[in-house]
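Undergrad: structure for the following, please:
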Amino acid sequence: FHVCLVCLLIFSLRDWNHAWKPAMFGLCAALTFQIVAGFGSFALQSTAFLEPLEMKWPGLLDPSIRGASVVQLQNGLRILRAYGTLPHPNILGGFALICLLGPLSLFMSDQKIHVPALILYTLGLSLIVFTFSRSAWLGVAAFLFILLLKPKHLEWRRVILLIAVSVITIVITLYPLQELVFTRFSNAPVQTEHLSTFGRAWLTEQSLDMIRANPLFGVGIGSFILKLAEGAVEGAIIEPVHNVFLLFGAELGILGQLIIAALTISIASKIIKAQKPKAILAGATLTGLGVISMFDHYFWSIPPGRLMLGFVLGLWAGQLANDDE
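TA: As a prediction, the model looks like this:
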């Protein structure tokens, strides 16, 4: 039922391409709020300052709390990743990537350089760094790569300026955190990283087993974790596999995999052919989300994630229809 509602959202935004402008201002407002919450929690290493808002997420967290998402150094020091107001830093990374579309659209569309939009973009980029979400980092790289492929359809001077600002922002933000970044990408003997790697590998094996056992129709939409819990030992990781394409195959079988493969190929071909700036920006964002989906599951497994994906798909489809006129 929720998937059907998301489809209606996509069709609504597709047929109302004038929703672009208010959507961009909404994304800028959302990004500003998450920057304040994310920077605050990372700087203070606690989410306690958000308690007066009485939100369910992220809850009261600090590095000492079991289950809090942290980056741990070899000496045992635990650093709380930026949560914003979301349940996990990875989700904040994906949400912030979507929100970057707002300031970027203002920056690329104004006749003069839109300095406030550029500043908001750089702060949003830094926020993604502070999430330490590797999938979101790859998503940003894919986003910028698509823009580089379209210089003749965008104002190339602004694209060069944007890439230069992005590189400088990332380098300046990462340099003081280089030891933490090394932990995320190296094979250092850090318990949290080893547990994360083992958990993802084990979930991948379980998804492949489910696909082999139920190749035609899968275990049922939304039933991956239910099936996983049936045969799991106590203390096992019960969560969806961190790959939307494997999750589709496990839950919907061969039919689901064929559907997502066809949609992916169709969307990719249209992103490559897009010529109008708004369609290119939305397509670049969608590309970034596609990369994230190869390493995370929330765009399919949880309702807010499906709404996020549906929102971008709708904006992209609306601008694509306008692109074809």
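
Undergrad: residue contacts, the residue nearest to residue 81 when sequence neighbours are not counted?
TA: Spatially, and ignoring its direct neighbours in sequence, residue 81 is nearest to residue 89 (4.0 Å; Cβ to Cβ, 6 or more residues apart in numbering). Just so you know, the C-beta spots here come from the backbone N, C-alpha and C atoms, and that holds for glycine as well. By Cβ atoms under 8 Å, 6 or more residues apart in numbering, residue 89 lies in contact with 69, 81, 82, 83, 131, 132, 133.

Undergrad: if we use 10 Å, what do you get?
TA: Neighbour list for residue 89: 38, 41-42, 58, 68-71, 80-83, 128, 130-133, 136 [criterion: Cβ atoms under 10 Å, 6 or more residues apart in numbering].

Undergrad: just the buried ones out of the residues you listed, please.
TA: The neighbour-count test (16 or more other Cβ atoms under 10 Å) applied to the contacts of residue 89 identifies 38, 41-42, 58, 68-71, 80-83, 128, 130-133, 136 as buried.

Undergrad: what pLDDT is listed against residue 107?
TA: Here the pLDDT value assigned to residue 107 is 93.

Undergrad: SS state for it?
TA: helix (DSSP: H, G, I helix; E, B strand; the rest coil).

Undergrad: separation between it and residue 316?
TA: 19 Å (Cβ to Cβ, to the nearest Å).

Undergrad: try residue 160
TA: 24 Å.

Undergrad: of the two, which one has the most company?
TA: Neighbours of residue 160 and residue 316, each counted by other Cβ atoms under 10 Å, are more numerous for residue 316; the result is 28 against 12.

Undergrad: list the buried residues of the lowest-mean-pLDDT helix or strand in the chain.
TA: Every helix and strand of the chain was ranked by mean pLDDT, DSSP states H and E. The lowest is helix 178-185, at a mean of 85. Across helix 178-185, burial judged by 16+ other Cβ under 10 Å covers 180, 181, 183, 184.

Undergrad: again with stretch 111-130
TA: 114, 117-118, 120-130.

Undergrad: also stretch 271-278?
TA: 271, 274, 276, 277, 278.

Undergrad: return the member of these nearest to residue 142.
TA: The shortest gap between residue 142 and any of the buried residues of stretch 271-278 belongs to residue 271, at 10.8 Å (Cβ to Cβ).

Undergrad: ok, the closest one touching residue 149?
TA: Yes - applying Cβ atoms under 10 Å as the test, residue 271 and residue 149 come out as touching, 9.5 Å apart.

Undergrad: which residues do the two both contact?
TA: Common neighbours of residue 271 and residue 149 (Cβ under 10 Å, 6+ apart) are 280, 284, 287.

Undergrad: so which of those residues are in strands?
TA: Judged by DSSP state E, strands contain none of these.

Undergrad: which parts of stretch 256-273 are buried?
TA: Buried-residue list, stretch 256-273, by 16+ other Cβ under 10 Å: 256, 257, 260, 267, 270, 271.
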